[in-house]
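Trainee: model the structure of this input:
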Amino acid sequence: IFKMKVDGVCVAWWARSRYSKEWHKENLEKYKKHEAELVLRYRNSENNFQDLLGGYDELIEGVTETVIIVEGIFDKVNIDNLLGLQKIPDIKCCFTFGNNIGRGQINMMLKKRIKNVILLYDFGTINESKDSALKMKDLFENVYVTAIRKPGIDPGNIDLQYLEEVLNDAVDPISFFYIKLEVKI
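Mentor: Now for the predicted structure:
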């Protein structure tokens, strides 16, 4: 069970099962046959998670200038560990509970006077990255978008060498939009 705090106050929670995805698939099949009780893989408090930014309390107003945005808590943990962000007050990693960003999450960063945002979503989220980046492009001094190009790799399991490559290839939202235009025939 993970607690979500904003300004030191618990405002939400989310829980994940300790069992594997495969175990839950088997459990679901047994449940359908009335052979077992259903055990959910996850359960969250009933909040609008589009209004909550994971890692918000780590942002120091007027000190933290750059935020790396990822999709979930395990992505954040890996990025924090790889880059040593626990010891760097001006750069932090936050997460959005999925591969899009809500106005409430943007407002939370604006409240802390964040200047730079780096969007680091999972492989295969090109359209979601475009949408999120374009929402933010006029609200922050700099917005950069990355693209993980290797299937099966996400910020939660990326290694430092590939992370550096991905971050070095980051571009502004307009460039990302045009580079990643899908050709439809």
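Trainee: would you agree N81 falls within a helix?
Mentor: Yes - per DSSP: H, G, I helix; E, B strand; the rest coil, N81 lies within a helix segment.
Trainee: spit out the contact partners of the closest residue to G8 other than its chain neighbours.
Mentor: In space, G8 comes closest to D57 once its chain neighbours are excluded; the distance is 6.6 Å by Cβ to Cβ, 6 or more residues apart in numbering. Where C-beta positions appear, they are placed from N, C-alpha and C, glycine not excepted. Contacts for D57 (Cβ atoms under 8 Å, 6 or more residues apart in numbering) come out as 5-8.
Trainee: partner strands of the helix or strand of the chain with the lowest mean pLDDT, parallel or antiparallel?
Mentor: Using mean pLDDT, DSSP states H and E, the weakest-scoring helix or strand in the chain turns out to be strand 42-44, at a mean of 76. Strand 42-44 has its sheet partners listed here by DSSP bridges as strand 9-16 (antiparallel).
Trainee: this structure: strands as residue ranges?
Mentor: Taking DSSP state E, the strands of the chain run over residues 2-6, 9-16, 42-44, 66-70, 91-95, 116-119, 142-145.
Trainee: gap between the first one and the chain center?
Mentor: Relative to the chain's own centre, strand 2-6 is displaced by 15 Å; criterion: Cα atoms, centre = their mean, to the nearest Å.
Trainee: ok and that strand relative to strand 9-16, angle-wise?
Mentor: 150 degrees (axes from the mean of the first three to the mean of the last three Cα atoms, to 10 degrees).
Trainee: contacts for strand 2-6?
Mentor: The contact list for strand 2-6 (Cβ under 8 Å, 6+ apart) reads 10-16, 47, 52, 54, 56-57, 73, 108.
Trainee: which residues sit against stretch 68-76?
Mentor: The contact list for stretch 68-76 (Cβ under 8 Å, 6+ apart) reads 2, 54-55, 79, 85, 91-99, 101, 117-122, 125, 132, 154-156.
Trainee: and which of the contacts of D57 is nearest to Y31?
Mentor: Distance to Y31, by Cβ to Cβ, is smallest for K5 among the contacts of D57, at 34.2 Å.
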